Structure formats: structure tokens, C-alpha cells
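Student: quick one, fold the following:
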Amino acid sequence: MGQVRNVAVLVGSLRKESLNRKMAHALAALAPASLKFEIVEIGELSQYNQDLDAAPPPTWISFREKIKAKDAVLFVTPEYNRSVPGVLKNAIDIGSRPYGHSAWSGKPGAVVSVSPGAIGGFGANHHLRQCLVFLDVPTMAQPELYIGNAADLFDAEGKVKSEATRGLLQKFADAFAAWIEANVPKD
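Tutor: Numbers count the residues shown, from 1 in each chain. Have a look, this model is predicted:
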């Protein structure tokens, strides 16, 4: 086995029973042993305000340090109004500032969108990818992962019920591990 890669997982939904949080846990359970996933919480981050960059709040400092310490990043997001939730965009903005000191730069990434709707968060997935291009996050293009009709995806324990969906998630997790190895900055 190669080196263990630490992956920051950002979940774009703050709900306790979030389908996206359940998906993040499902992916972590299926990931190869070479990946260690950690959900980095974003709900307590205050709204980004450039005036605070000179003396950032402790939550911003901690968040930026957690992201910088990871080898890669996985975004798991719902879709709100054909885009990402404001809380996720806020976290992205906080991690990208101050200008020239982005915590995201060069970290291999992937995007998963999960929705109770039929199109699986397609709009949010692609809108987020636009942001990641600017932030210098080499984002895995294939396989794409849009999970629609997710309200009935998990059992009472939060496990994925469908064997076919578990297979899709396994394929994604394996591809992400390979993507990280191919794209992680070399020392």
C-alpha cells in the first residue's frame, strides 16, 4: 500500500440528517485504505468579510489550517437554486483568502452532488467546478457523480440500500484515490 492521503470533506448541507452528510460517510466507508476522510465542518464560519483579513476570526484560521494540512478535498453538496448552498460558497471564499494565500491551491479535488430531485444536483456540481478551476483545484472529471432521487437512498442506519449505487460509489472512490496520487503536489 502507498502513502495514506488525508482528504478534507466539505459537506454543503448543515442538516443533521443531511443526505449529503450520509453520502460523505458512505464514500468514506467504501474508500480504499489509502484515503483517510475527515469532514471539516463549515457551519460555524462567519460570513466572509475582507475587512477581517488583517485579524481573522479564530474559526477562519482553524478552517484554513485544516484545509492546508490535507492532501486533497472532496466536496459533497446539495443544489440550492441551481448552485451551491451559501454556506459552502462562504467556506470556499474563506479558504481562498487573503489573496495569494489560498488553502485550496494545488489540492486534487472531486465533487459529488446529492439531491432528492431527479437531476441529482447537476447545476450545483458544475457551478462548483467553475469555482475550483479558478482556485487551482485539479478536479476529477470522470467518473462524475450526481445522485438524484436520494430521499430513498439510505436505510435507517445511513447505509446505501442499493448494491448498484454502492458499486458506483466504489468506482468513484477508487478513481478519486488514483486521481489524488496522480495530482498531489510532489515534495
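
Student: list phi and psi for the residue most central in space within the chain.
Tutor: Against the mean C-alpha coordinate of the chain, by Cα atoms, centre = their mean, the closest residue is residue 75 at 1.4 Å. Per-residue torsions, residue 75: phi -100, psi 130 (degrees, to the nearest 10).

Student: that one contacts residue 111, doesn't it?
Tutor: Yes. Between residue 75 and residue 111 there is a contact under Cβ atoms under 8 Å: 4.9 Å. Yep, even glycine has a C-beta here, placed from its N, CA and C like the rest.

Student: now the common contact residues for these two.
Tutor: residue 128 (Cβ atoms under 8 Å, 6 or more residues apart in numbering).

Student: so residue 113 bridges to which residues?
Tutor: residue 77, residue 146 (DSSP bridges).

Student: right, and residue 76 touches residue 110 too?
Tutor: No. The pair residue 76 / residue 110 is not scored as a contact, 9.2 Å apart, by Cβ under 8 Å.

Student: and the gap between the residue nearest to the centre of the chain and residue 85?
Tutor: Distance of residue 75 to residue 85, given as Cβ to Cβ, to the nearest Å: 11 Å.

Student: still on that earlier bit, between residue 76 and residue 110, which contacts overlap?
Tutor: Shared contacts of residue 76 and residue 110, defined by Cβ under 8 Å, 6+ apart, are absent.

Student: wait, residue 28 sits on residue 8?
Tutor: No. In this structure, residue 28 is not within contact of residue 8 by Cβ under 8 Å, at 11.9 Å.

Student: one step back: the residue nearest to the centre of the chain and residue 135, how far apart?
Tutor: Residue 75 sits 11 Å away from residue 135, going by Cβ to Cβ.

Student: kindly report the same for residue 124.
Tutor: 16 Å.

Student: try residue 5
Tutor: For residue 5, the distance to residue 135 equals 19 Å [Cβ to Cβ].
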